[in-house]
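Undergrad: generate coordinates for the sequence data below:
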Amino acid sequence: MRFARNGVRTIGLVGLGLLCLGLAATPATAAPLPTQVTVGGDTPVQGDAAKLTFTITNEHPTSPINSVQILIPEANPIAEVFPLSVDGWAPAIAMRPIDQPIPGLHGPLPIKEVVTTVTWSAFEGAALAPGGTLKLTLSMGPIPLVSTMTFAVVETHADGSTVRWADGGDKPALSLAVNPAIAQPEAATDAAPAPAKESDSGRWWLYGALVFIAAVTAFGVLRQKRAKPAVEPARVTIAKPAPTRGRELVKAGSGESEN
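TA: Next up, the predicted model:
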């Protein structure tokens with residue numbers, strides 16, 4: 001009887017110990033890593049360029065972050081995406097072709113390939129330690145004609161674990177509101193005729209200059225005529241006709257002769 005009681009007591013203690021170990025191990029394996037990620041910077045405007053800054057804070061007690069990947073929205077592609085430099089981190093860009101080319105920010109040529117992901121990797125000794133904060137900035141544009149932009153972020157820790165900020169991931173994706181395109185103010189349209197005044201003024205200056213040149217030219221010609229001596233008319237000598245000899249008719253005999 002005593003053996004039975006001791007056996008039950010022993011089994012109960014072993015089961016309690018296993019239960020405690022199971023409860024202690026469950027949070028470490030099932031709970032996502034504690035990390036905070038936000039996006040800010042410029043307020044995006046449709047059709048314009050913007051600089052967006054992603055702020056990552058590592059709240060894990062022991063494991064640093066050595067890689068951060070940002071996924072660019074695919075439904076409404078962005079023609080140009082450029083990562084800005086960060087000390088101790090090297091960016092890598094992955095591209096994808098698109099069926100319909102879109103205009104870019106620089107130059108008239110349409111864009112046929114767009115950025116799909118930007119991945120920053122830490123240099124040796126530059127990983128984001130627990131409690132540290134990292135800012136990663138992307139310059140992009142033109143901003144699509146949408147009301148909201150959604151970015152997914154994947155963080156990789158030194159121990160091999162990852163945290164996904166994405167729909168269906170460990171944490172929700174990052175959303176950012178987009179402002180509509182800025183319309184041209186009406187005041188600019190009303191002020192448009194202003195350059196016409198300058199044009200009229202320039203035209204009157206031109207007319208005045210032409211009149212002045214014509215007056216100077218006429219004055220010079222008139223002065224030149226007055227200074228030039230009058231030309232005397234050429235003298236014409238009319239030669240008198242030489243006197244003609246009278247013809248004397250001498251009659252000699254029955255004929256005539258001319259002397």
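Undergrad: can you give me the helices in the chain?
TA: When assigned using DSSP state H, the helices of the chain occupy the ranges 2-30, 186-190, 194-227.
Undergrad: need the least confident one among those helices, by mean pLDDT.
TA: Out of the helices of the chain, helix 2-30 stands lowest, with a mean of 43 (criterion: mean pLDDT).
Undergrad: where does the stretch 1-150 of the chain dip in pLDDT?
TA: The model of the stretch 1-150 of the chain has pLDDT under 70 over residues 1-35.
Undergrad: let's go with 50 and repeat that
TA: Counting by pLDDT under 50, the stretch 1-150 of the chain contains low-confidence ranges at 1-4, 6-33.
Undergrad: what ranges does it have for its strands?
TA: For the stretch 1-150 of the chain, applying DSSP state E, counting those that start in this stretch gives strands covering 35-41, 50-58, 65-71, 80-83, 89-102, 111-122, 133-141, 148-157.
Undergrad: the longest one: which residues count as buried?
TA: Buried residues in strand 89-102, defined by neighbour count with 16 or more other C-beta atoms under 10 Å: 89, 91, 102. The C-beta positions use only the backbone N, C-alpha and C, and glycine is treated the same way.
Undergrad: and if you look at the last one?
TA: Residues 149, 150, 151, 152, 153, 154, 155, 156, 157 are the ones in strand 148-157 that count as buried (16+ other C-beta under 10 Å).
Undergrad: for the spatially closest residue to residue 40 that is not a sequence neighbour, list each beta-bridge partner.
TA: Taking C-beta to C-beta, 6 or more residues apart in numbering, and ignoring the residues beside it in sequence, residue 40 has residue 53 as its nearest neighbour in space, at 5.6 Å. Residue 53 forms beta bridges with residue 40, residue 137, as assigned by DSSP bridges.
Undergrad: from residue 98, how far off is residue 53?
TA: Distance of residue 53 to residue 98, computed by C-beta to C-beta, to the nearest Å: 26 Å.
Undergrad: how about residue 78?
TA: Residue 78 sits 11 Å away from residue 98, going by C-beta to C-beta.
Undergrad: which residues are in contact with both of the two?
TA: With contacts defined as C-beta atoms under 8 Å, 6 or more residues apart in numbering, the residues adjacent to both residue 78 and residue 98 are residue 114.
Undergrad: list the contacts for residue 133?
TA: Residues counted as contacts of residue 133 (C-beta under 8 Å, 6+ apart) are 55, 56, 57, 58.
Undergrad: of those, closest to residue 66?
TA: Comparing these against residue 66 with C-beta to C-beta places residue 58 closest, at 10.3 Å.
Undergrad: what's around that closest one, how many residues?
TA: When counting by other C-beta atoms under 10 Å, one arrives at 23 neighbours for residue 58.
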